[in-house]
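[1] only geometry, no sequence info:
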């Protein structure tokens with residue numbers, strides 16, 4: 001095992017930056033350099049969290065009766081892996097009780113559709129919802145998604161076991177990762193940031209945030225705002 005490299009302080013790295021904006025003031029540069037040091041620390045913290053996540057001990061065996069309907073027929077849980085050893089599953093809030101799907105989930109998945117072919121080079125990616133597959137495919141076509149693999153949870157067992165159903169029986173979004181080694185499928189990691197872990201004045205969200213939309217808006221003066229959310233149509 002090699003020793004971790006000694007890192008130069010974030011403050012020193014920030015001071016090395018050659019970025020200068022036309023007509024910026026000295027006060028702006030001082031504040032921006034201080035912010036850059038914090039951004040470097042954030043990058044390092046994200047990597048530390050990712051390393052800690054990868055070092056988790058083996059998770060629980062996946063043993064439930066999980067059955068799905070894909071666009072090309074019925075599949076079981078193992079089928080979702082395809083030829084990969086890691087499976088990422090997003091639980092989409094589009095159950096049969098909903099007239100239309102969740103706009104927030106849809107915004108996220110619209111961004112992921114453009115990345116899905118790249119993700120598929122490394123791991124399997126599946127989107128699971130509790131509506132019939134015909135309904136899911138109809139909305140996929142309406143939205144213009146080309147690359148996401150959608151599956152209907154036929155008996156709701158997966159959704160109930162892995163956080164896709166709330167206490168009131170409605171849909172919840174969920175993000176789960178599973179692994180397969182020597183024929184054994186195990187849970188690896190789930191997003192566990194919900195309402196009970198939210199900070200005051202903030203919506204429940206994970207870190208890093210899975211939605212590119214918020215990453216962009218976080219870089220703007222307006223930020224996310226507390227009174228705006230994406231819609232299915234504008």
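    Received, thanks. These numbers come from a predicted model, not from an experiment.
[2] low pLDDT regions in the protein?
    Applying pLDDT under 70 to the chain flags the ranges 1-2.
[3] Who are the contact partners of the residue nearest the centre of it?
    In the chain, the C-alpha nearest the mean C-alpha coordinate belongs to residue 210, at 3.7 Å (C-alpha atoms, centre = their mean). For residue 210, the contacting residues are 108, 175, 191, by C-beta atoms under 8 Å, 6 or more residues apart in numbering. Heads up, the C-betas are built off the backbone N, CA and C, glycines and all.
[4] Just the ones in strands from those residues, please.
    Among those, the members found in strands (DSSP state E) are residue 175.
[5] circling back to that earlier point, please report how far the residue nearest to the centre of the chain lies from residue 29.
    Applying C-beta to C-beta, to the nearest Å, the value for residue 210 to residue 29 is 33 Å.
[6] list the contacts for residue 171?
    91, 92, 93, 94, 95, 97, 98, 102, 129, 130, 164, 165.
[7] Write the ChimeraX selection for whichever of the residues you listed are buried.
    Buried members of the contacts of residue 171, defined by 16 or more other C-beta atoms under 10 Å, are picked up in ChimeraX with:
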select :91,92,93,94,95,102,129,130,164,165
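[8] with the contacts of residue 171 in mind, which one is nearest to residue 49?
    Using C-beta to C-beta, residue 91 comes nearest to residue 49 of the contacts of residue 171, at 22.3 Å.
[9] Was I right to think the closest one contacts residue 166?
    No - look at residue 91 against residue 166 with C-beta atoms under 8 Å: they stay out of range, at 10.9 Å.
[10] The closest residue to residue 132 other than its chain neighbours: what's it in contact with?
    Setting aside the residues directly before and after it, residue 132 is nearest to residue 152 in space (C-beta to C-beta, 6 or more residues apart in numbering), at 5.6 Å. Counting by C-beta under 8 Å, 6+ apart, residue 152 touches 68, 69, 70, 128, 129, 130, 131, 132, 133, 136.
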